[in-house]
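*Asks:* fold the following and give me the result.
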Amino acid sequence: MKKLIIFGFDGTLADTSPGILHCFNTTATSMGFNPVDRKSMYGIIGFPLEAGLRKLFDMNDGEIEYAINNYSKLYSMKGKEMFYLYSGIEETLYKLKEDGYLLAVATQKHDMYTRDMLKTYKIEDLFDAICATDVGKDLYKSNLLRMACEKLGVLPEESIFLGDNYVDAQGAEEVGMDFAAVLYGWGFRTKAEAQQYNCRLYIENSDDIYNMIKTL
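*Replies:* Just a heads-up that it's a prediction; the model follows:
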């Protein structure tokens, strides 16, 4: 039985695409770029902002520096409010907690935004550890996973990480932790994509989270 279940945020706990798309397009159009559609968010959400700006709008270094500053201001004012938890996630978290599991979040999203968004749904207190990035920190997913284990006194092999993209999968592998590939987010679009990585479970929906983890 696993002791600790660690969740990614974007694309695993919550669909943050409305706010991210709003901030991308508002920033880009103000700079003379054409807006992109929602489908363009696949492979963008959950990755560094600079990479998204390059991929979506082919910005150069100078444009990216300006865009990041503008995007960040927009996100702090409006974007962080434009999201929702995936269906059934809240109920699943409560069930896991009642069964005695430790719960944590590991995300490269800013710590302040992460906590504010969890508070919106009044679920912050369900998590025993919230491990996110902050100003001046450059933390990889593996750093965040180790941090969660250290804070809670649990070994990586006693834990499992749920994420929706290859960066999540690689982070779990680097620390020797089992990985569950989420297929309803904005990273992996099919099981075949996820199978390229070392996955213990494949999660289609929130019911799968509870039912599959109980088998480990």
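
*Asks:* figure out how far the lengthiest strand in the chain is from the centre of its chain.
*Replies:* If you go by DSSP state E, the chain has its longest strand at strand 102-110. Going by Cα atoms, centre = their mean, to the nearest Å, the spacing between the C-alpha centre of strand 102-110 and its chain's C-alpha centre is 8 Å.

*Asks:* do the same with stretch 199-215
*Replies:* Worked out by Cα atoms, centre = their mean, stretch 199-215 lies 17 Å from the chain centre.

*Asks:* tell me the mean pLDDT for that stretch?
*Replies:* Averaged over stretch 199-215, pLDDT sits at 95.

*Asks:* show me what counts as buried in that stretch.
*Replies:* Neighbour-count burial for stretch 199-215 flags 199, 200, 201, 202, 203, 206, 208, 209, 210, 212, 213 (criterion: 16 or more other Cβ atoms under 10 Å). All C-beta atoms are positioned from the backbone trio N, CA, C, and that covers glycine.

*Asks:* closest to residue 81 out of these?
*Replies:* Closest approach between the buried residues of stretch 199-215 and residue 81, by Cβ to Cβ: residue 206, at 22.4 Å.

*Asks:* give the contact list for the residue sitting furthest away from the middle of the chain.
*Replies:* Distance from the C-alpha centroid of the chain peaks at residue 32, with 29.6 Å (Cα atoms, centre = their mean). Shown in contact with residue 32 (Cβ atoms under 8 Å, 6 or more residues apart in numbering): no residues.

*Asks:* and the helix ranked longest in the chain, what does it pack against?
*Replies:* Determined from DSSP state H, the single longest helix within the chain is helix 61-77. Counting contacts by 3 or more Cβ pairs under 8 Å, 6 or more residues apart in numbering; DSSP states H and E, helix 61-77 packs against helix 17-30, helix 49-57.
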